[in-house]
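**Q** Sequence and predicted structure are below.
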Amino acid sequence: ASVRLGLDGAPGLAEDVIVARDLLIAADAEKAWHIAHVSTATSLDLIRWARSRGVQVTCEVTPHHLVFLDDRFDDYRADSKVNPPLRAAHDRDALRAGVLDGTIDALATDHAPHGLDEKAQLLSVAPVGFSGLEVAVGAYALALPGLPLARFVELLSVNPARILGVPGGTLGVGSPGDVTIFADRPWTVDARLFRSKGRNTPFDGMTLPRRAVATIVEGAVVFEHGRVLPREDVTA
């Protein structure tokens, strides 16, 4: 896309070279390695190659790399500018397949909010990133309609906690009482209703098939049906 538009870019080859380098270092050091925001088909092939040789490597993907293509830059708008950038159709298809075949270990949000004034700048100077937390559950359901629900929860909750070595991720005895409740019902993204100032998202106006409807933190309901509960209204 950068060549087509005449702008500086971050081609897929740059990612592939970095991933290959890091995997060789991890192999030599005999240490576990996590690769964030994989966006190319070749990167996935390199990860598979490394695993076949005993390298302890895990990886994650973002919702936007499973949904959008690099043609979103053709109008020079910066609302979809992200790092790594959106890729070609064969990369998106490979990432979707990588989730389904188990190559990809975790589903991330890549939540990087910016104000609308920041993203209204020229594509060449606008900051990278956009809000992803509010839409991640629905975006993944859109991109991966065949993903079993239990596997969805594992990729979004269980595996990230395991990879990072932090408490939570499950509802086992002694785990934090943190739960997100979602419903498989269509909804249309309206960024004007986002709770943060970061209301820039390429998903604005799209209809997604799944939505978070409530959040429980340490056993208390803190969000329900689009409303953040004031402290005095929080129910345990």
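**A** Happy to help now that I have it.
**Q** C-alpha from now on. contacts and neighbour counts both.
**A** OK.
**Q** Quick check: mean pLDDT of the longest helix along the chain?
**A** Longest helix in the chain, counting residues (DSSP state H): helix 12-29. Averaging pLDDT along helix 12-29 yields 97.
**Q** by contact count, what packs against it?
**A** strand 33-35, helix 41-52 (3 or more C-alpha pairs under 8 Å, 6 or more residues apart in numbering; DSSP states H and E).
**Q** What strands line up against the top strand by length along the chain, and which way round?
**A** Counting residues, the longest strand in the chain under DSSP state E turns out to be strand 211-217. When pairing is defined by DSSP bridges, strand 211-217 lines up against strand 179-183 (antiparallel), strand 220-224 (antiparallel).
**Q** Turn those into CSV, columns for distance to residue 213 and mean neighbour count.
**A** Compiled in CSV, the strands paired with strand 211-217 are given as follows (distance: least, C-alpha to C-alpha, whole Å; neighbours: other C-alpha atoms under 10 Å):
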stretch, distance to residue 213, mean neighbour count
strand 179-183, 5, 14
strand 220-224, 6, 17
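**Q** how many other residues sit next to residue 164?
**A** Counted with other C-alpha atoms under 10 Å, residues neighbouring residue 164 total 9.
**Q** let's number from 40 now, not from 1
**A** Sure thing, new numbering starts at 40, so read that last one as residue 203.
**Q** what are the phi and psi values for it?
**A** phi -80, psi -10 (degrees, to the nearest 10).
**Q** what's the distance between it and residue 62?
**A** Going from residue 203 to residue 62 by C-alpha to C-alpha, to the nearest Å gives 18 Å.
**Q** Repeat that for residue 72.
**A** 8 Å.
**Q** which residues are common contacts for these two?
**A** residue 96 (C-alpha atoms under 8 Å, 6 or more residues apart in numbering).
**Q** between these two, who's got more neighbours?
**A** Taking residue 72 and residue 62 together and counting by other C-alpha under 10 Å, residue 62 has the greater number of neighbours (25 against 17).
**Q** dump the residue contacts of the residue nearest to the spatial centre of the chain.
**A** The structure's the chain has its C-alpha centroid closest to residue 101; by C-alpha atoms, centre = their mean the separation is 2.5 Å. Shown in contact with residue 101 (C-alpha under 8 Å, 6+ apart): 76-77, 146-149.
**Q** With residue 217 instead?
**A** Contact analysis of residue 217 by C-alpha under 8 Å, 6+ apart lists 207, 254-258.
**Q** before we move on, the earlier item: put the alpha carbons of the longest strand of the chain into PDB.
**A** Taking C-alpha atoms only, strand 250-256 is exported to PDB below (Å, rounded to 0.1, in the frame of the first residue of the first chain):
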ATOM      1  CA  ARG A 250     -21.100  -7.800  22.200                       C
ATOM      2  CA  ALA A 251     -19.900  -7.500  25.800                       C
ATOM      3  CA  VAL A 252     -22.900  -6.700  28.000                       C
ATOM      4  CA  ALA A 253     -21.500  -6.800  31.500                       C
ATOM      5  CA  THR A 254     -18.200  -6.800  33.300                       C
ATOM      6  CA  ILE A 255     -17.500  -8.100  36.800                       C
ATOM      7  CA  VAL A 256     -14.300  -7.100  38.600                       C
END
